[in-house]
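# My questions concern the predicted model and sequence given below.
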Amino acid sequence: MKTAKIKLENIKSSDGWSELAFDLMFEKFEANHSNLDEDVVADKFHDDVLAKKFQYGEFANLEIEFDEEFNIVGGKLIPFKS
C-alpha cells in the first residue's frame with residue numbers, strides 16, 4: 001500500500017506538549033537524577049528534554065505518515081534545535 005508524509009509545524013498546545021513529555025519521560029529522568037534536589041531535577045528536565053523537543057514547551061513539529069485510506073500509519077516528532 002502506498003503511503004505519504006506531511007509535516008505539520010508549530011503546533012501549539014500550551015500545556016499539552018510538556019504534559020506529554022512529563023507523562024512519558026519524567027519518572028525515568030527523575031530516577032536517573034535521584035541525587036539532585038526536586039526543583040533542580042525539574043529545571044534540568046526542562047533544559048535537557050523539553051527545550052530540545054518543544055519550542056517554549058508549547059510548540060511542536062510533527063511528521064505524519066498516511067496510507068491510501070488516510071489512516072495514520074506512522075510519524076514522529078521533529079525536535080527543535082536548541
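That came through fine.
# how about the nearest residue to residue 78 once chain neighbours are set aside, secondary structure?
Excluding the flanking residues, the one nearest residue 78 by CB to CB, 6 or more residues apart in numbering is residue 61, at 4.1 Å. Backbone N, C-alpha and C define where each C-beta goes, glycine included. Three-state assignment for residue 61 (DSSP: H, G, I helix; E, B strand; the rest coil): strand.
# do you know how far residue 61 is from residue 32?
For residue 61, the distance to residue 32 equals 27 Å [CB to CB, to the nearest Å].
# Between these two, tell me which one has more neighbours.
residue 61 (17 against 10; other CB atoms under 10 Å).
# I figured the more buried one hits residue 75, correct?
No - using CB atoms under 8 Å, residue 61 makes no contact with residue 75, being 11.1 Å away.
# burial measure for residue 78, as a count.
14.
# Now do it against residue 38, distance only.
Separation of residue 78 from residue 38 (CB to CB) stands at 31 Å.
# Identify each buried residue in the one helix or strand in the chain whose mean pLDDT sits lowest, please.
None of the helices or strands of the chain scores lower by mean pLDDT, DSSP states H and E than helix 51-53, at a mean of 88. For helix 51-53, burial by neighbour count (16 or more other CB atoms under 10 Å) applies to residue 53.
# wait, is residue 48 part of a strand?
No - Residue 48 is assigned helix when assessed by three-state DSSP, not a strand.
# quick one, what contacts it?
If you count contacts by CB atoms under 8 Å, 6 or more residues apart in numbering, residue 48 has them with residue 29.
# The longest helix anywhere in the chain packs against which elements?
Scanning the chain for the longest helix, with DSSP state H as the assignment, gives helix 38-45. For helix 38-45, the packing partners by 3 or more CB pairs under 8 Å, 6 or more residues apart in numbering; DSSP states H and E come out as helix 27-32.
# With adjacent residues omitted, what lies nearest to residue 79?
Spatial nearest neighbour of residue 79, excluding adjacent residues (CB to CB, 6+ apart): residue 53 at 4.9 Å.
# what's the answer for residue 13, then?
Spatial nearest neighbour of residue 13, chain neighbours left out: residue 58 (6.6 Å); criterion: CB to CB, 6+ apart.
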